[in-house]
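# Need coordinates for the following:
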Amino acid sequence: GDDIANLKHVVVTWLTELFHPLDPPLHTTIKDDHGFVHNITGKLLCPYRCIYHQDRTKEKIRDRDPDFLVMACSWPAFLYMDYTFDSSNIEKGLFHSALLLKAFKHLFTSPSSAKEVEGDGNGADAIMASQCCQTSESNAATCSHVANIISMKMVTPRSIAYTACQLWFSLSNVNSWRSVDGDFNYYVFYNNIVDFFEVAPGIDAQACIKELLKWWNR
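This is a model prediction of the structure:
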């Protein structure tokens with residue numbers, strides 16, 4: 001519970017490290033300046049089909065123009081490697097985000113383990129790293145990690161989906177949790193991610209999902 005509550009605070013630290021300097025700086029105690037109010041959080045929440053650095057796009061999204069609604073059916077930039085996407089292949093780099101991996105480790109292993117993740121997502125070992133501690137002090141702390149409490153041995157599609165929802169909320173400018181934020185529905189977002197992994201169409205897509213999960217569990 002505390003790790004979830006603290007995620008919205010530590011995300012500001014991560015963003016400051018990844019996109020230094022933040023102009024203007026983001027507050028850690030309130031989120032009114034997050035979401036599409038700020039250029040960085042707005043860029044990360046922006047759907048792949050939009051080009052956020054264009055002023056027209058920012059204005060249309062903020063005004064909730066019918067052609068620029070931000071909904072759960074489009075993948076946001078924060079899910080992608082380097083937070084950019086290839087318009088010719090929208091699945092390239094999808095779910096390879098260092099920010100998403102940091103959030104996963106913060107929630108499921110420990111807040112300190114998120115520091116192991118480098119800007120490109122290296123240093124992953126999302127669960128196993130926290131299970132390999134040898135000292136009694138480390139083992140005592142590890143036992144309290146969510147992954148250990150629920151006997152979670154591998155990263156699963158549903159844990160990735162849960163993390164993505166929590167990260168979206170942390171990046172948004174909403175201060176208290178709600179299942180529907182404007183045009184964005186967290187339940188639909190969660191289910192879309194689970195379906196992406198668990199209902200992959202065809203042998204080739206299933207092979208890609210297998211490799212993606214291998215990346216998360218390497």
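# Would you state the helices of this structure in chain order?
Along the chain, the segments classed as helices by DSSP state H run 2-18, 39-45, 55-62, 98-108, 128-131, 136-142, 146-149, 157-171, 186-198, 202-216.
# Dump the fourth one to PDB, restricted to CA.
Listed next in PDB are the C-alpha coordinates belonging to helix 98-108 (Å, rounded to 0.1, in the frame of the first residue of the first chain):
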ATOM      1  CA  ALA A  98      12.700   1.700 -18.500                       C
ATOM      2  CA  LEU A  99      10.100   3.800 -16.600                       C
ATOM      3  CA  LEU A 100       7.600   0.900 -16.700                       C
ATOM      4  CA  LEU A 101      10.300  -1.500 -15.400                       C
ATOM      5  CA  LYS A 102      11.200   0.900 -12.600                       C
ATOM      6  CA  ALA A 103       7.600   1.100 -11.600                       C
ATOM      7  CA  PHE A 104       7.200  -2.600 -11.600                       C
ATOM      8  CA  LYS A 105      10.200  -3.100  -9.400                       C
ATOM      9  CA  HIS A 106       9.100  -0.300  -7.100                       C
ATOM     10  CA  LEU A 107       5.700  -2.100  -6.600                       C
ATOM     11  CA  PHE A 108       6.600  -5.700  -6.600                       C
END
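# Buried residues in it, which are they?
98-108 (16 or more other CB atoms under 10 Å). Bear in mind the C-beta positions are built from the backbone N, C-alpha and C, glycine included.
# Next: the last one.
Neighbour-count burial for helix 202-216 flags 209, 212-213, 216 (criterion: 16+ other CB under 10 Å).
# Just give me the closest of the residues you listed to residue 29.
residue 216 (31.9 Å; CB to CB).
# Give me the pLDDT for the nearest residue to the closest one once chain neighbours are set aside.
For residue 216, ignoring the flanking residues on the chain, the nearest one in space by CB to CB, 6 or more residues apart in numbering is residue 155 at 4.1 Å. Among the per-residue scores, residue 155 shows a pLDDT of 92.
# Ok, residue 218 next?
So residue 218 comes in at 80 (pLDDT).
# and the closest residue to residue 82 other than its chain neighbours, what does it touch?
Of all residues not flanking residue 82 in the chain, residue 93 sits nearest, at 7.0 Å (CB to CB, 6+ apart). Shown in contact with residue 93 (CB atoms under 8 Å, 6 or more residues apart in numbering): 80-82, 84-86.
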